[in-house]
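**Student:** This is the structure alone, sequence omitted:
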């Protein structure tokens, strides 16, 4: 870590702000602590998240509370089969100058020009519209009519998919899935959490998340994540884990037997970045094996493809990836 750029007091203050952020979101979102943890991890690492969960689990409220707690602008787009790329990125409109009476084209920004964007049911839009959003995610800019328009900083996309109903959907290609830093699975709440949730949401009015972090603090945290140390053995370990997902060269029998296509180099970058963010969230200034292990499934679940036999036998990708840490060595 570049010690000259950071002081111990500043680092301690920044870590405390992360705790404040999770606490503020937890006052609105009942349960889902692991989901909040992963969502904040993704935000600090500067990536985007793909969330899978059945309707009614509070995914929209989750993202909205994150925007409220960080004082970021929030927009939601419901993806549908008739959604066009211009509905996402914007379009040009013809205006008349009142002084000169000349007609000129002006770019009208679309909903992607925000800081937190919820792309609800992204797999319901056709591939052309999906690509328009994913290009903005990758480049952090939009090019229209030969002009490049920069997106706000920070820019965070949370895209949702419904794992149940697949009729009339356009599944994201693997190359586009690779642009998401993490895939987060949102499960059903426990009975106690669900009782508390039903009680809290059937009273008059819903409370908003209290501001817990400024934009300046968030951008500073994202800089700090990049400066978190990762020792060479940990870097080699993370890289070997990713390489071990490729059947042709994997030492893991479960990978060779059940995986048709492994993760690419971008997965290694995502694993290291996410592990750095997790280390910082837990008050550590260096990545540990625990951090890498915790981020393994969210980073690789959408980047590794099962083969036909594994899909036919109902083998879960999580069960296959669980064998990796025990088979890959650290030196």
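**Tutor:** Yes, it's here. Everything numeric in this text was worked out from a predicted model, so none of it was measured. Numbers count the residues shown, from 1 in each chain.
**Student:** Helices of the stretch 201-331 of the chain, residue ranges please.
**Tutor:** Ranges of helices within the stretch 201-331 of the chain are 215-227, 232-243, 253-258, 265-281, 289-300, 308-312, 317-321, 324-327, based on DSSP state H, counting those that start in this stretch.
**Student:** out of those helices, nearest to residue 67?
**Tutor:** Set against residue 67 and scored by C-beta to C-beta, the helices of the stretch 201-331 of the chain come closest in helix 215-227, at 11.0 Å. C-betas here are computed from N, CA, C, even on glycine.
**Student:** for the stretch 151-300 of the chain, what are the low-confidence residue spans?
**Tutor:** 165-168, 204-206 (pLDDT under 70).
**Student:** Surely residue 243 and residue 249 touch.
**Tutor:** Yes. Using C-beta atoms under 8 Å, residue 243 is in contact with residue 249, at 6.5 Å.
**Student:** quick one, which of these two is more surrounded?
**Tutor:** More crowded of residue 243 and residue 249, by other C-beta atoms under 10 Å: residue 243, with 17 against 11.
**Student:** who touches the more buried one in this structure?
**Tutor:** Contacts for residue 243 (C-beta atoms under 8 Å, 6 or more residues apart in numbering) come out as 249, 250, 262.
**Student:** how close does it sit to residue 6?
**Tutor:** As for residue 243, its distance to residue 6 is 32 Å (criterion: C-beta to C-beta, to the nearest Å).
**Student:** do the same with residue 287
**Tutor:** To residue 6, residue 287 is 16 Å away according to C-beta to C-beta.
**Student:** burial measure for the closest residue to residue 28 other than its chain neighbours, as a count.
**Tutor:** Take residue 28 and drop its neighbours on the chain: the residue closest to it by C-beta to C-beta, 6 or more residues apart in numbering is residue 65, 4.4 Å away. Look at residue 65: counted by other C-beta under 10 Å, it has 25 neighbours.
**Student:** Then residue 20?
**Tutor:** Neighbours of residue 20 (other C-beta under 10 Å): 16.
**Student:** Quick check, it in contact with residue 213.
**Tutor:** Yes. Residue 20 lies in contact with residue 213 (C-beta under 8 Å); the separation is 6.7 Å.
**Student:** quick revisit: which one of the contacts of residue 243 is nearest to residue 11?
**Tutor:** Nearest to residue 11 among those: residue 262, at 36.1 Å, using C-beta to C-beta.
**Student:** Quick check: phi and psi on the closest one?
**Tutor:** Main-chain torsions, residue 262, degrees, to the nearest 10: phi -90, psi -180.
**Student:** Identify the bridge partners of the nearest residue to residue 156 once chain neighbours are set aside.
**Tutor:** Of all residues not flanking residue 156 in the chain, residue 116 sits nearest, at 5.2 Å (C-beta to C-beta, 6+ apart). Residue 116 has these beta-bridge partners by DSSP bridges: residue 74, residue 156.
**Student:** related to what we said a few turns ago, mean confidence score for the helix or strand containing the residue nearest to residue 28?
**Tutor:** In the assignment (DSSP states H and E), residue 65 maps to helix 59-70. Mean pLDDT, helix 59-70: 88.
**Student:** what angle separates that helix from helix 215-227?
**Tutor:** Per axes from the mean of the first three to the mean of the last three C-alpha atoms, to 10 degrees, the angle that helix 59-70 makes with helix 215-227 is 100 degrees.
**Student:** Against which helices or strands is helix 59-70 packed?
**Tutor:** Secondary structure elements in contact with helix 59-70, counted by 3 or more C-beta pairs under 8 Å, 6 or more residues apart in numbering; DSSP states H and E, are helix 8-28, helix 33-45, strand 74-78, strand 116-120, strand 156-161.
**Student:** Serialize the ones you listed to a markdown table and add fields for distance to residue 60.
**Tutor:** Formatted as a markdown table, the helices and strands packed on helix 59-70 follow (distance: least, C-beta to C-beta, whole Å):
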| stretch | distance to residue 60 |
| --- | --- |
| helix 8-28 | 12 |
| helix 33-45 | 13 |
| strand 74-78 | 6 |
| strand 116-120 | 6 |
| strand 156-161 | 8 |
